[in-house]
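[1] Build the 3D model from these lines:
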Amino acid sequence: MIARRFEWAEPGRVASEIRAWIGAGREPVEVDEIRQQVQARGDAAVLELTARFDATERPPESLRVDPAEASVALRSLDATLREALEVAASNVRAVAEAQLDPEPRSVALPQGHTVEVRQVAVGAAGAYAPGGRAAYPSTVLMCCIPAAVAGVGRIALATPPRPDGTLPPIVLAAAALCEVDEIYAMGGAQAIFALADGTESVSPVDVVVGPGNAWVQEAKRRVYGTVGVDSFAGPSELMIVAAHDTEIEWAALDLCAQAEHGADSPLVVAAVEQATLDGIERATQAAAAERGVAEASLALVQVPDLADAVALANELAPEHLQLMSEDAYALAPEVRTAGCVFVGRSSATAFGDYVAGSNHVLPTGGAGRFSGPLGPDVFRRTIANVSLPGAAAAALAPHVAALAGAEGFPVHGESARVRK
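    Have a look, this model is predicted:
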């Protein structure tokens, strides 16, 4: 664990220094060549790239995975593991359903017309669940359940195959539990391009969601506009606001748990008491060494008071924010930008990653300033139905003509005036 102390100053300045330290040495990635290959050669390119980057021992013969394999995987799952998966799925579904506004809103206007605003789901969504170092069934739940709750007609899951070309049974089981329509053994940037642009095997979708490495995120950036995306997520983040009553060992384990995501996962601890910072640093270093977790970057900041710690959090907009003090419930309403806030000593990020019900696909890199967790809204779009009776059209037409004339579009005015 690489730790560094930061001197307290204005919150924005400290946040900038932390971001600069965390981001040092990260190289941009290039994915345009991958997209060109996928567009030009379709399945053949995706299979070739999958063999190069993922299924290095025994590449799959086709991208499409038979849904029956997912059903078998679910039936064969260890009972304890299946129960955990079902609890997580049930809670994620309940939270997703709570975010829906099922009733259209109709507004009656003074001129005698109405505008009805309603939401409809996109036709097809593509969910990306990372692979590589491990299998991530939780990401399948987090991406596919909100899409299903939103009413998406077709849900396609893409996930990298293992070196032997197969998909992990736990991932297939999660897909079966979510009743995913299509499963593809493909990963990386090529998977994103296949979902967005289509190939012989893959029908293009309308929205692509899910976390992934730098190549996956850069590919999502390239296809945005062709399809909708949820966000451009970077490395996973955790900030802890600690106090004299914080359980030091718990905080250390929370930090090490986040470091399991990789060496580029930034960690931040803010506390008023120097002794609290010292204790957390020592405990985290010891826990990391004992458990062999990655050498993540640990930023330690001594703040004048807990309100300043929250101000720093609002500047950093961390993906996960843990308020681990007796004042947690009083502090929580002051947080404006974090992706997800875990309130109280027992509310560890690990619960949100799996079974709490909140979504773990969250904004990173400061994007919490303008975006939030993945939810059904990502898969729905608003449509306005405008109904103008003749009297309303006659009342509004002069206003249309005046404005259209001012903008140099006289035929707009004629189009309105002709309505009686």
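[2] Going by C-alpha atoms from here, please, whenever you check contacts or count neighbours.
    OK.
[3] which other residues reach stretch 259-275?
    22, 235-244, 255, 258, 277, 293-306, 309 (Cα atoms under 8 Å, 6 or more residues apart in numbering).
[4] Out of the residues you listed, which end up buried?
    22, 235-244, 255, 258, 277, 293-303, 306, 309 (16 or more other Cα atoms under 10 Å).
[5] So which of these sit within helices?
    22, 255, 258, 277, 306, 309 (DSSP state H).
[6] tell me the pLDDT at the residue nearest to the first one when sequence neighbours are not counted?
    Spelled out, that is residue 22. For residue 22, ignoring the flanking residues on the chain, the nearest one in space by Cα to Cα, 6 or more residues apart in numbering is residue 266 at 6.4 Å. Residue 266 is assigned 90 on the pLDDT scale.
[7] how much space between residue 266 and residue 310?
    17 Å (Cα to Cα, to the nearest Å).
[8] Who has more neighbours out of these two?
    Neighbour count, other Cα atoms under 10 Å: between residue 266 and residue 310, residue 266 has more, with 26 against 23.
[9] got the domain boundaries for this structure?
    What automatic domain parsing lists as the domains of the chain is 2-27+235-369, 32-104+122-229, 388-417.
[10] out of these, nearest to residue 110?
    domain 388-417 (8.7 Å; Cα to Cα).
[11] what about the closest one, distance to the chain center?
    Offset of domain 388-417 from its chain centre (Cα atoms, centre = their mean, to the nearest Å): 44 Å.
[12] Going by neighbour count, list what's buried in it.
    Buried-residue list, domain 388-417, by 16+ other Cα under 10 Å: 388, 392-394, 396-397, 400-401, 404, 412-414, 416-417.
[13] In TSV, list the residues you listed along with pLDDT.
    Converted to TSV, the buried residues of domain 388-417 look like this (pLDDT from 0 to 100):
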residue	pLDDT
388	91
392	92
393	91
394	91
396	92
397	93
400	92
401	92
404	91
412	94
413	92
414	94
416	93
417	93
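[14] Which strands or helices does the helix or strand hosting residue 322 pack on?
    Under the criterion of DSSP states H and E, residue 322 resides in strand 320-324. Contacts defined by 3 or more Cα pairs under 8 Å, 6 or more residues apart in numbering; DSSP states H and E place strand 320-324 against strand 238-242, strand 340-343.
[15] Out of those strands, flag the one nearest residue 16.
    strand 238-242 (14.8 Å).
[16] contacting residues around the residue nearest to residue 11 when sequence neighbours are not counted?
    Spatial nearest neighbour of residue 11, chain neighbours left out: residue 312 (4.8 Å); criterion: Cα to Cα, 6+ apart. Taking Cα under 8 Å, 6+ apart, we find residue 312 in contact with 11-12, 14-15.
[17] Now, those that are in helices?
    11-12, 14-15.
[18] Can you lay out the helices and strands packed on strand 320-324 as TSV showing mean pLDDT and distance to residue 174?
    Compiled in TSV, the helices and strands packed on strand 320-324 are given as follows (pLDDT from 0 to 100; distance: least, Cα to Cα, whole Å):
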stretch	mean pLDDT	distance to residue 174
strand 238-242	97	26
strand 340-343	96	23
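[19] Same list (those strands) but as CSV, adding distance to residue 76.
    What follows is those, written out as CSV (distance: least, Cα to Cα, whole Å):
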stretch, distance to residue 76
strand 238-242, 35
strand 340-343, 34
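[20] Of the ones you listed, which is nearest residue 70?
    Once those are compared by Cα to Cα, strand 340-343 is nearest, at 30.8 Å.
[21] Tell me the gap between the helix or strand just after that closest one and the middle of its chain.
    Moving toward the C-terminus from strand 340-343, the next helix or strand (DSSP H and E) is helix 349-354. From the chain centre to the centre of helix 349-354 is a distance of 14 Å (Cα atoms, centre = their mean).
[22] In the host helix or strand of residue 45, which of the residues would be classed as buried?
    In this structure, residue 45 sits in helix 43-53 according to DSSP H and E. Buried residues in helix 43-53, counted by 16+ other Cα under 10 Å: 43-51, 53.
[23] helices and strands around that helix, which ones?
    Against helix 43-53 (3+ Cα pairs under 8 Å, 6+ apart) you get helix 32-41, helix 188-197.
[24] before we move on, the earlier item: and the residue nearest to residue 11, how far is that from residue 407?
    From residue 312 to residue 407 the distance is 46 Å (Cα to Cα).
[25] Let's verify residue 127: helix, strand, or coil?
    Of the three states, residue 127 takes strand under DSSP: H, G, I helix; E, B strand; the rest coil.
[26] contacting residues for it?
    140, 143-144, 155-158, 208-210 are the contacts of residue 127 under Cα under 8 Å, 6+ apart.
[27] Over to residue 396?
    Contacts of residue 396 were listed using Cα under 8 Å, 6+ apart, and they are 111, 416.
[28] Could you do residue 64 as well?
    182-185, 201-202.
[29] Residue 184 now?
    Residues in contact with residue 184 (Cα under 8 Å, 6+ apart) are 63-65, 156-159.
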